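> Fold the stuff below for me.
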Amino acid sequence: MPPVAPPTESRNPRTADIDTLESPDVLRLLLDEDATAVAAARAAATALSRAVDEAHLRLGRGGGVHYFGAGASGRLAVLDATEITPTFGVARGLFTAHFAGGPGALTDSSVDREDAEELGAIDAGALGENDLAIGITASGATPYVAGALRAARAAGALTVLITCNPAAPLRDLAEILVVADTGPEALTGSTRLKAGTATKVLLNAFSTALMIKSGRTYSNLMVGLVATNAKLEQRAVNLLVEATGEDAAACGAALAEADGRIPEALVRLLTGCTPGQAREALAAQPGVRAAVAALGGHAG
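Okay, here's the model as predicted:
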């Protein structure tokens, strides 16, 4: 008996006449379908929260987050992992995206290694018990992801599967299963559409929630951002103004004295402590709020 096709490969009756419509109606149909993908991702929040909490425990023990994927799913994972360091100021390697076939396949879709299960096993070969392995596959059947999850599980890493197929063949390889049931695509089988939207939403939500839990934000402000250009330098000053109510001159001076380290400048401005005290408090505490409390201050 042939394998059952995943829902993402089914035809969508709502878009059967899409090629007969004018552009505004085509766009409305596509965007309406995308809206259902966000709802599907939201329905997976409970399972995703388990992955966040488990990842937080493992990062506290020196582990890291490893994404494994191919095609559109894998490229979205690369995008998410790449943005973590500039957004939250964490060390490179805390999040690592492994793409089937490596950098060459990432930028050239004609190089397709998603069926190479052995490559997944090789890419997951260095994982340990403090790591989190997240397989990302719309169909829930990608062999590269299968190889990675098997190897990761054998090494003692926690395994997670993010998929758009409730009956994903790889579900038994995952200790945490995160399913966004997006159904058939607007264009049959084009999983860069709804499945891609749901996958991006889930990855963004996962990494952001994990960084919030790790103390990498203050309120809804990105205090860990790395100011690598003039726009981001101004954003850093504006952030300090928003968080403290101090004027831009005082915030700029505090930021300069902290060598551009926003958390240090923020703790100083909120407590009136010395630069050394701010550094020590942040080294001992998980985030700005905890550092401020340790110094006897009040975080608004």
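> Give me the buried positions along the helix-or-strand element of the chain with minimal mean pLDDT.
Within the chain, no helix or strand scores below helix 102-107, which has a mean of 86 by mean pLDDT, DSSP states H and E. Buried positions in helix 102-107, judged by neighbour count with 16 or more other CB atoms under 10 Å: 105-106. No exception for glycine: its C-beta is placed from N, CA and C like everyone else's.
> any idea how far it is from the chain center?
20 Å (CA atoms, centre = their mean, to the nearest Å).
> which SSE is residue 110 in?
Following DSSP states H and E, there is no helix or strand that holds residue 110.
> er, residue 87 I mean
helix 71-88.
> Now do the helix or strand just after that helix against helix 71-88, angle only.
Per DSSP H and E, the first helix or strand lying C-terminal to helix 71-88 is strand 95-99. Orientation check (axes from the mean of the first three to the mean of the last three CA atoms, to 10 degrees): strand 95-99 against helix 71-88 gives 160 degrees.
> What helix or strand is the residue lying closest to residue 197 once chain neighbours are set aside located in?
Nearest residue to residue 197, sequence neighbours excluded (CB to CB, 6 or more residues apart in numbering): residue 37, at 4.1 Å. Using DSSP H and E, residue 37 sits in helix 23-42.
> roughly how far out does that helix sit from the chain middle?
Chain-centre distance of helix 23-42: 22 Å, with CA atoms, centre = their mean.
> Flag every buried residue along it.
Applying 16+ other CB under 10 Å to helix 23-42 flags 29-30, 33-34, 36-38, 40-41 as buried.
> contacts for that helix?
Residues from elsewhere that reach helix 23-42 (CB atoms under 8 Å, 6 or more residues apart in numbering): 12, 14-15, 18, 21, 164, 180-183, 185-186, 193-195, 197-198, 201-202, 205.
> again with stretch 256-263
89, 218, 223-225, 227, 233, 236, 239-240, 255, 264-265, 268, 275, 278, 282, 287-288, 291.
> From the contacts of helix 23-42, list the buried ones, please.
By 16+ other CB under 10 Å, the contacts of helix 23-42 give 12, 15, 164, 180-183, 185-186, 193-195, 197-198, 201-202, 205 as buried.
> all helices of the stretch 151-300 of the chain, in order?
According to DSSP state H, counting those that start in this stretch, the stretch 151-300 of the chain carries its helices in the segments 194-213, 230-244, 248-257, 262-271, 275-284, 288-294.
> if you compare those helices, which one is most tucked away?
helix 262-271 (a mean of 25; mean count of other CB atoms under 10 Å).
> Tell me the gap between that one and the middle of its chain.
For helix 262-271, the distance to the chain centre is 27 Å (CA atoms, centre = their mean).
> now stretch 135-154
For stretch 135-154, the distance to the chain centre is 17 Å (CA atoms, centre = their mean).
> measure it end to end?
In stretch 135-154, first residue to last residue: 15 Å (CA to CA, to the nearest Å).
> Adjust the sequence numbering to begin at 784 for everything that follows.
All set: I'll call the first residue 784, so the last point we hit is now stretch 918-937.
> Show me what counts as buried in it.
Result for stretch 918-937 [16+ other CB under 10 Å]: buried residues 918-936.
> how about the closest residue in space to residue 899 that isn't next to it in sequence, what does it touch?
Setting aside the residues directly before and after it, residue 899 is nearest to residue 927 in space (CB to CB, 6+ apart), at 5.7 Å. The contact partners of residue 927, taken as CB under 8 Å, 6+ apart, are 851-853, 883, 896-900, 902-903.
> show me what contacts the spatially closest residue to residue 1057 that is not a sequence neighbour?
Of all residues not flanking residue 1057 in the chain, residue 1051 sits nearest, at 7.6 Å (CB to CB, 6+ apart). Counting by CB under 8 Å, 6+ apart, residue 1051 makes contact with 1037, 1040-1041, 1057-1058, 1061.
> Dump the residues you listed into a markdown table; add distance to residue 837 as well.
As requested, these are arranged in a markdown table below (distance: CB to CB, whole Å):
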| residue | distance to residue 837 |
| --- | --- |
| 1037 | 37 |
| 1040 | 38 |
| 1041 | 33 |
| 1057 | 38 |
| 1058 | 36 |
| 1061 | 31 |
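> which of these lies closest to residue 879?
The nearest member of the contacts of residue 1051 to residue 879, counting by CB to CB, is residue 1041 at 28.9 Å.
> How much space separates the closest one from residue 1047?
Distance from residue 1041 to residue 1047, counting by CB to CB, to the nearest Å: 4 Å.
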